[in-house]
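Engineer: need coordinates for the below:
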Amino acid sequence: MQLDTQKVLQKAKAYREDTAEILSKIIKVPALSGTEKDRIALLQDLCKKAGFAEVRIDGLGNLLARVGSGPKKLVFDAHIDTVDTGDRTQWKLDPFSGLVKDGLVHGRGSSDQLGGAASMITAGRILSELGYAGDYSVWFSFTVMEEDCDGLCWKYLIEKEGFKPDFFVSTEPTSCRLYRGHRGRMEIEARFKGVSCHGSAPERGKSAAYMAAKAALAIEKLNAQLKPDDDGFLGKGTITVSKVEVHGPSLCAVPDQGMIYMDRRLTWGETMELAVDQVKRAITAAGVEDVEVLVPNYDKASWKGTVHAQELYFPTWKIPADHPLVRSGVETHKALFGAAPAVDKWTFSTNGVAVCGRHKVPSIGFGPGDEAQAHAPNEVTRVDDLEKCAAFYAGLPYVLESHT
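Structural biologist: Model prediction:
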């Protein structure tokens, strides 16, 4: 099937205010990870009204909506949970106001990443009205629990339900640039055991607090030693201490238990095993003995009560700049907007860690809003971006047919 650029652009423009209103409605229904039930119900209703051919909820609680019935699966994904608001005094408006004003939509999740979800619904409406009947079943996934455990939703879909895309598009915020990868990440915990004694004679004990302090400084040094990837696309790996805890029998005693928690970002070629070994070596070299280093597990139940546990390791991913999916994205952008998009990568992590990182499904990103808005107070996204992304999502299936 051929892409009719004028029809797609006209419809995206005609539904511009509707898309903004959809985003406003979504923002007004709060949904932290594991509590998405009401927001999923709203999205299910919105998808049905938009004319999707199939709308269903899976066993974890993700919402899936389809247009077309081709033999191959193209999936557009938006996670629909958000982080909490943080300090409310830093917000100029109610974080859940969903205010649409002066070309902006305000509220928690407007960029990260409910804007993508709103544009997806409009894109599905456009494809339905155009009678898309090409090579692809075009699926739109509204996924849960990403903020707690990125990729868990897709790990479940692929491994438990056998729902594996041929191609995948994340609608996380890219400022309407085309992204083809990002660094992976993992969480690492190091535990120490000291010997307690009365605080009046600390020389009798062995302080887990000092062990934790030495370990934290060793991690700071390790971060400076990490190297970038060979082609320089993703940049260097990083590691930082995000939490320190020490405990003892009282506040008048030398603590005998210590822990540091670390956020590790993984560039191309870095693995979970490598990162754990680096931490062990760095802490041991700092003079801390008997350290236990582990990767924690995530086993929180979804809003449906389903548990799909995994270790907190999220693999690095990227696809080549000349991959057919990237070329299709570039061509779609040119056809619709008259110029090639900037091609880049995210700084943060997305559901692509499971789809492409674990399961090697070719993936790209194109989304409304700015990455810098994620998790920040006074979060906004641009209505212009919503319109542009709706057109891009509706146009990509047509262009992709000519490259695959």
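
Engineer: so where's the stretch 1-150 of the chain shaky on pLDDT?
Structural biologist: Across the stretch 1-150 of the chain, nothing is flagged by pLDDT under 70.

Engineer: all helices for it, in order.
Structural biologist: For the stretch 1-150 of the chain, the helices defined by DSSP state H, counting those that start in this stretch cover 5-14, 16-27, 37-50, 115-130.

Engineer: deepest of those, which one?
Structural biologist: Stretch with highest mean neighbour count among the helices of the stretch 1-150 of the chain: helix 115-130 (a mean of 27; mean count of other Cβ atoms under 10 Å). For glycine as for every other residue, the C-beta is placed from the backbone atoms N, C-alpha and C.

Engineer: could you say what helices and strands that helix packs with?
Structural biologist: Secondary-structure packing of helix 115-130 (3 or more Cβ pairs under 8 Å, 6 or more residues apart in numbering; DSSP states H and E): helix 5-14, helix 16-27, helix 37-50, strand 63-67, strand 72-79, strand 136-143, helix 383-401.

Engineer: Thr143 pairs with what?
Structural biologist: His79 (DSSP bridges).

Engineer: for it, list the residues it contacts.
Structural biologist: Applying Cβ atoms under 8 Å, 6 or more residues apart in numbering, one finds that Thr143 lies in contact with Asn62, Leu63, Asp77, Ala78, His79, Ile80, Cys153, Trp154, Asn351.

Engineer: what about the residue most central in space within the chain, distance to Gly357?
Structural biologist: Residue closest to the average C-alpha location in the chain (Cα atoms, centre = their mean): Thr350, at 2.6 Å. Note on Thr350: its distance to Gly357, by Cβ to Cβ, to the nearest Å, is 10 Å.

Engineer: joint contacts of the two?
Structural biologist: In contact with both Thr350 and Gly357: Gly151, using Cβ under 8 Å, 6+ apart.

Engineer: mind checking the helices and strands packed on helix 115-130 for the one nearest to Arg125?
Structural biologist: Nearest to Arg125, of all the helices and strands packed on helix 115-130, is helix 37-50, at 4.1 Å by Cβ to Cβ.

Engineer: packing partners of the closest one?
Structural biologist: Partner elements for helix 37-50 (3+ Cβ pairs under 8 Å, 6+ apart): helix 16-27, strand 54-57, strand 63-67, helix 115-130, strand 136-143.

Engineer: now distance to Gln6 too, for these, in CSV please.
Structural biologist: Output for those, formatted as CSV (distance: least, Cβ to Cβ, whole Å):
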stretch, distance to Gln6
helix 16-27, 16
strand 54-57, 28
strand 63-67, 20
helix 115-130, 12
strand 136-143, 20
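
Engineer: can you list the domain ranges for the chain.
Structural biologist: As recorded under automatic domain parsing, the domains making up the chain are 5-182+316-401, 184-298.

Engineer: switch those domains over to JSON lines; also include distance to Ala309.
Structural biologist: Shown next, in JSON lines, are the domains of the chain (distance: least, Cβ to Cβ, whole Å):
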{"stretch": "domain 5-182+316-401", "distance to Ala309": "9"}
{"stretch": "domain 184-298", "distance to Ala309": "6"}
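
Engineer: out of those domains, flag the one nearest Lys304.
Structural biologist: When these are compared by Cβ to Cβ, domain 5-182+316-401 sits nearest Lys304, at 4.3 Å.

Engineer: got CSV for the helices and strands packed on helix 115-130, with distance to Leu99 too?
Structural biologist: Output for the helices and strands packed on helix 115-130, formatted as CSV (distance: least, Cβ to Cβ, whole Å):
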stretch, distance to Leu99
helix 5-14, 22
helix 16-27, 7
helix 37-50, 18
strand 63-67, 25
strand 72-79, 21
strand 136-143, 22
helix 383-401, 12
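
Engineer: that'll do, ta.
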